[in-house]
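Student: I'll drop the sequence and a predicted model, then ask my questions.
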Amino acid sequence: MSAASQNTAVLALHGITKSYRTGDVVTPVLHGIDLSVQRGDYLALMGSSGSGKSTLMNLMGLLDRCDEGRLLLQGRDVSQLSTAEHAALRNREIGFVFQSFNLLKRMSVLDNVALPLIYAGKSRSVARARAQTLLTQVGLGELAKRMPNQLSGGQQQRVAIARSLANEAPLLLADEPTGNLDTQTTVEVLAILERLNREMGLTIVLVTHEPDVALQAKRLVRLKDGRVAFDGAPSEQAHL
Ligand SMILES: Nc1ncnc2c1ncn2[C@@H]1O[C@H](COP(=O)(O)OP(=O)(O)OP(=O)(O)O)[C@@H](O)[C@H]1O
Ligand SMILES: [Mg+2]
């Protein structure tokens, strides 16, 4: 990797605005967000309910479009690309983890993790072998044959993390990944994220309401009424 590409922000947002329209009602949510996320960052996104965290994550993940502004992914302006181009980029460049795990109920744990690889064109046997390796990495190698409902919440979230790593995307977006987990399980899931950030240089953006979760991150961004109200060390702000 060249020095230049190492210096390029994984994500850069410039003057991003977003409103939702429902019939005649317009709800402005984001009012000009400037934010850049560097390779190897581990950023916690906080803010009260309705402040626009998920809206911002959906834009970062190319799941939705902004009204104004520019979004650069690995230095490339992706704001104007087609929906199909966004989907292709998403598959390659971005892993997602959600509060509700979003595993497919009728598929084994192994096949859930293998699915993004099948979508990316890998054969079933190659996909399954890699899925087994990923499950081992998150400490679930032994449970690969189970169905998702035969796992605890924390184990299901670890499967979702393994799935998000399948295509070796450099960026992980996690929207309240510990929101449904108890304290002990939260600690386990955070330990995995911390290790992926430290050992593999995975760039992580994580939404949370929990100060203890934000304190694990390297950087805290707080949204207030659709604007960045704080950007700095978690220890300065996580408990406010
Ligand atoms: N699809 C939608 N259509 C209309 N309004 C929406 C839509 N999604 C979100 N909103 C509104 O946009 C605002 C921001 O929502 P968002 O989901 O980004 O908040 P959040 O910070 O993630 O909140 P929470 O902490 O509760 O998850 C809220 O006022 C919400 O009602
Ligand atoms: Mg949200």
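Tutor: Here it is on my side, so go on. Everything quoted here is computed from the prediction, not taken from an experiment. Ligands and ions are numbered 1, 2, ... in the order given.

Student: Cys227 contacts Gly32, doesn't it?
Tutor: Cys isn't right for residue 227; it's Arg. Yes. Counting by CB atoms under 8 Å, Arg227 touches Gly32, with 6.9 Å between them. In this view, the C-beta of every residue, glycine as well, is placed from N, C-alpha and C.

Student: For the residue most central in space within the chain, which three-state class applies?
Tutor: Residue closest to the mean C-alpha point of the chain, counted by CA atoms, centre = their mean, is Leu173 at 1.0 Å. Three-state call for Leu173 (DSSP: H, G, I helix; E, B strand; the rest coil): strand.

Student: all numbers from here: first residue = 421
Tutor: OK, 421 is where the count begins now, so the last one is Leu593.

Student: who's it bridged to?
Tutor: Phe516, Val625 (DSSP bridges).

Student: I'd say it and Phe516 touch.
Tutor: Yes. The pair Leu593 / Phe516 is scored as a contact, 5.5 Å apart, by CB under 8 Å.

Student: what's the burial count for Glu619?
Tutor: The local packing of Glu619 (other CB atoms under 10 Å) involves 9 other residues.

Student: Need the three-state assignment for it.
Tutor: Looking at Glu619 with three-state DSSP, the answer is helix.

Student: ok, back up a step: between Leu593 and Phe516, which contacts overlap?
Tutor: Residues touching both Leu593 and Phe516 (CB atoms under 8 Å, 6 or more residues apart in numbering): Gly481.

Student: ok, now how distant is the residue nearest to the centre of the chain from ligand 2?
Tutor: According to CB to the ion, to the nearest Å, Leu593 and ligand 2 sit 12 Å apart.

Student: Can you check the pLDDT for that residue?
Tutor: We have a pLDDT of 97 for Leu593.

Student: what about stretch 507-522, near ligand 2?
Tutor: No. On the criterion CB under 5 Å from the ion, stretch 507-522 is out of touch with ligand 2, staying 8.2 Å away.

Student: Need the contact partners of that stretch.
Tutor: With CB under 8 Å, 6+ apart as the test, stretch 507-522 has contacts from 481-483, 493-494, 498, 501, 536, 539-540, 568, 573, 576-577, 579-581, 583-587, 589-597, 599-600.

Student: cool, stretch 468-486 as well?
Tutor: With contacts defined as CB under 8 Å, 6+ apart, stretch 468-486 is touched by 431, 433, 436-438, 449-450, 453, 465-467, 491, 493, 498-499, 506-507, 509-510, 514, 516, 593, 595, 625, 627, 629, 643-646.

Student: Mind checking if it is in reach of ligand 1?
Tutor: Yes. Contact of stretch 468-486 with ligand 1 (CB under 6 Å from any ligand atom) involves Ser469, Gly470, Ser471, Gly472, Lys473, Ser474, Thr475.

Student: returning to what we had before: do you know how far the residue nearest to the centre of the chain is from His659?
Tutor: Computed as CB to CB, to the nearest Å, the Leu593 to His659 distance reads 24 Å.

Student: Show the buried residues in the contacts of stretch 468-486.
Tutor: 431, 433, 436, 438, 449-450, 453, 465-467, 491, 493, 498-499, 506, 509-510, 514, 516, 593, 595, 625, 627, 643, 646 (16 or more other CB atoms under 10 Å).

Student: for this protein, which spans come out with low pLDDT?
Tutor: The model of the chain has pLDDT under 70 over residues 421-427.

Student: Done for today, thanks.
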